[in-house]
Every structure is written in structure tokens, then in C-alpha cells.
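Student: 3D, please:
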Amino acid sequence: MKNEFEIFRRNREKDFMFFLLSLVFVVGGYYTLEKKPFMGWLCISFFGFVAAAFLIQFVTNVSYLKLYEEGFEEKTLFHKKNYLWSDIKSFWKVSFRGNESISFNYTNEYIKRNRITSIFSSRTHGRVTSSHTIETDDLLKLMKNYKRRCK
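Tutor: Residues are numbered from 1 along each chain as shown. Model prediction:
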């Protein structure tokens, strides 16, 4: 298993769909300008920024989730974070309003070593989004298998 890894890219179809949806709101903001200028500009500005972000994601395809022997790496448009399997205690699936993700907690040793004092309100230390080209349940099984092999 030396130097083997699996990479899962973001779902480009979803990114393009959200780009188009954002453009619809930009157009809606444009038609709102005459009656409610503040709301129109607010809508154009916010959804214009969102549309630009999804377009950049779609065109560059830089975001990914990489699973490898020692851990996993999650890269987004502006951020890259590495995690070691040995630092993670457990994984589980979380659903919130139809959006699924994988949450995880660090081991007590990792928490003490890194002086982690706060956690999210859902009592998780980290989360992997479900915006990749693999189903959340399949990704959860795969991550658990990698962690099991790491031990």
C-alpha cells in the first residue's frame, strides 16, 4: 500500500448548478434595483460573489479530498488541511437539512498535544463536506477502512 492514494474531486455538476442558481439571483437583484435599490445591490453583490466563487471552483477544479496511508488531505479553493488517521478517534455521518457530511473527533492525546479548547456546537472537532464525487456513505466506509489499516 506504499504511496497509494485516492483522490476525489468536487462534484463539478453541483458547482455549475449553484453557479447558474446564483446568476438567477443576480438577475433578480438587477430587476429589483428600481423599486428597492439597497436590496437590489445587496443581492447583486452577494450572489455575484457566490457565482464568481463557484465559477472559479468549476473552471480550476482545484478542490479535492485525498486519502492516503497516513491520513487524508482536504483542499478547497483557499485552504489546505492535512489530518493523520492516528490523530482521529472516530468518524460518523451527519445530515442537516438534506446536506450530508462526515464529522470526526480527535483523540485525547491530540487534543492535549495541540491544546484544543473549543469544539463546534455539534460536538465535533472536524468535518469533511459531501461535495465530492463519492457518496457520503461510501466515503465514510472508505475512511474507516483507511483508519483501520493505519492501526
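
Student: Can you give me every residue that contacts D87?
Tutor: Neighbouring residues of D87 by CB atoms under 8 Å, 6 or more residues apart in numbering: G71, Y106, T107, Y110. The C-beta positions use only the backbone N, C-alpha and C, and glycine is treated the same way.

Student: closest to E135 among the residues you listed?
Tutor: Nearest to E135, judged by CB to CB, of the contacts of D87 is G71 at 21.4 Å.

Student: related to what we said a few turns ago, buried subset of the contacts of D87, written for ChimeraX?
Tutor: Typed into ChimeraX, the line below selects the buried ones among the contacts of D87, using 16 or more other CB atoms under 10 Å:
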select :71,106,110
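
Student: Name the helix or strand of this structure that has the lowest mean pLDDT.
Tutor: helix 108-114 (a mean of 78; mean pLDDT, DSSP states H and E).

Student: The helix or strand that comes right after it pairs with which strands?
Tutor: Going down the chain from helix 108-114, the next helix or strand is strand 126-129, by DSSP states H and E. Strand 126-129 pairs in its sheet with strand 99-106 (antiparallel), by DSSP bridges.

Student: If you count neighbours, what's buried in the strand it pairs with?
Tutor: For strand 99-106, using 16+ other CB under 10 Å, the buried residues are E100, S101, I102, S103, F104, N105, Y106.

Student: chain center to it, what's the gap?
Tutor: From the chain centre to the centre of strand 99-106 is a distance of 10 Å (CA atoms, centre = their mean, to the nearest Å).

Student: For the longest helix along the chain, the averaged confidence score.
Tutor: Longest helix in the chain by number of residues, with DSSP state H as the criterion: helix 37-60. Across helix 37-60, pLDDT averages out at 93.
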